[in-house]
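# predicted coordinates and the sequence they were generated for:
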Protein chains: 2
Amino acid sequence: MPRAPTTLDAFNAVAEPKRRQVLDMLAQGERPVNDIVHTLGWPQPQVSKHLGVLKKVGLVSERRSGRQRLYRLNGAQLKPIHEWVKTFERFWQHQLERIKARAEQKLRESRGPQRELPQEKERKQ
Amino acid sequence: MPRAPTTLDAFNAVAEPKRRQVLDMLAQGERPVNDIVHTLGWPQPQVSKHLGVLKKVGLVSERRSGRQRLYRLNGAQLKPIHEWVKTFERFWQHQLERIKARAEQKLRESRGPQRELPQEKERKQ
DNA sequence: TTGACATATTCCCACATGGGAATATAATTC
DNA sequence: GAATTATATTCCCATGTGGGAATATGTCAA
């Protein structure tokens, strides 16, 4: 099985940095394709393709106006990413406490393996 | 140019749902590989490979203890994702206000294209 | 040493990728 | 209708993928 398609979900779509740039632009408001092309300086087909991926996962929507196609951000589709990553906040907040925790950890390590591994050991031996 | 390697950064590493599961497990504490294997029920080589990717982007670190390798989450590497996605919070918060905003938007649309597109028009005509 | 256990590595494959280039489609203007 | 503008689509390709299967490496125990 190859890597999941970029169009599978927001996680995959957003892994590509250029698509994040496009979303950053659209966060400021609805934009026609050529606006993105000129602002970011990428070839037009490339922009259209990236927009196509973003549209497929619902991160943007498209509206026609004359020959222009106006793309609008649908930020709500990013919520699952936010929700998931938010559960890890504690790992970079309270930096001082973390430094302390690390020091304690090192102490524990220097006294040999502990705590988190016994599950396996207890079960098997 | 093919898709960026999964080992390029946290965004790419985390696009794979199974790797997110592994991180979720490690959020509870340091774990030996076999613990993950048994808990998630995946083939051991698969687990090792995913851990390898996570290690390469710095999302986990590894410590040896006897024949076991203990993996520990390094959650701080997720911070860039959190920081980026956080800038879009306003798009799903204040839901009532958003509904109102949408109604206004529809009104604007019904009166024809507006506001966000003139940049292009003004420049070119 | 031999065997058992814990984990990593290698080889394989079908597949989707992002970019470049060229071209197609659609709407507007003349 | 023809030219122009705005955007999308198609074709190409080198590359990395995740999973399966088999095997290698490393460590402990008898």
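Received, thanks.

# got a list of what residue A:62 touches?
A:51, A:55, A:69, A:70, A:71, A:72 (CB atoms under 8 Å, 6 or more residues apart in numbering or on different chains). C-beta coordinates here come from the backbone N, C-alpha and C atoms, glycine included.

# now do 7 Å
A:55, A:69, A:71 (CB atoms under 7 Å, 6 or more residues apart in numbering or on different chains).

# name the element the last one belongs to?
Element membership for residue A:71 (DSSP states H and E) is strand A:68-73.

# what does the first one give?
Per DSSP H and E, residue A:55 falls inside helix A:44-56.

# do that helix and DNA strand D come into contact?
Yes. Applying CB under 7 Å from any atom of the strand, one finds helix A:44-56 in contact with DNA strand D at A:44, A:45, A:47, A:48, A:49, A:51, A:52.

# one step back: by neighbour count, which of the contacts of residue A:62 wins?
Within the contacts of residue A:62, neighbour counts (other CB atoms under 10 Å in any protein chain shown) peak at residue A:71, which reaches 25 neighbours.

# was I right to think it contacts residue A:34?
No. Assessed by CB atoms under 7 Å, residue A:71 is found out of contact with residue A:34, at 11.0 Å.

# now do the helices in chain A.
Ranges of helices within chain A are A:10-13, A:17-26, A:33-40, A:44-56, A:79-86, A:95-110, A:118-124, based on DSSP state H.

# thinking again about what came up before, on contacts alone, who are the packing partners of the strand holding residue A:71?
helix A:17-26, strand A:31-32, strand A:60-65 (3 or more CB pairs under 7 Å, 6 or more residues apart in numbering or on different chains; DSSP states H and E).

# residue A:39 contacts residue A:26, doesn't it?
No. If you go by CB under 7 Å, residue A:39 and residue A:26 don't touch, sitting 10.9 Å apart.

# between those two, tell me which one has more neighbours.
More neighbours surround residue A:26 than the other of residue A:39 and residue A:26, with 22 against 14 (other CB under 10 Å).

# now do the same contact list for that one.
A:60, A:71, A:72, A:73.

# residue A:27 is in contact with the last one, correct?
Yes. With contact defined as CB under 7 Å, residue A:73 counts as touching residue A:27 (5.7 Å).

# more neighbours, the two?
Between residue A:73 and residue A:27, counting by other CB under 10 Å, residue A:73 is the more crowded of the two (23 against 13).

# for that one, give the beta-bridge partners.
residue A:60 (DSSP bridges).

# residue contacts, it?
Per CB under 7 Å, 6+ apart, neighbours of residue A:73: A:23, A:26, A:27, A:60, B:91.

# so what's the last one up against?
The neighbourhood of residue B:91, defined by CB under 7 Å, 6+ apart, consists of A:73, A:75, A:76.

# run a quick neighbour tally on the second one.
Read that as residue A:75. 22.

# so which bits of chain A are right by DNA strand D?
Proximity of chain A to DNA strand D (CB under 7 Å from any atom of the strand) is limited to residues A:1-4, A:32-35, A:37, A:44-45, A:47-49, A:51-52, A:62, A:67-69.
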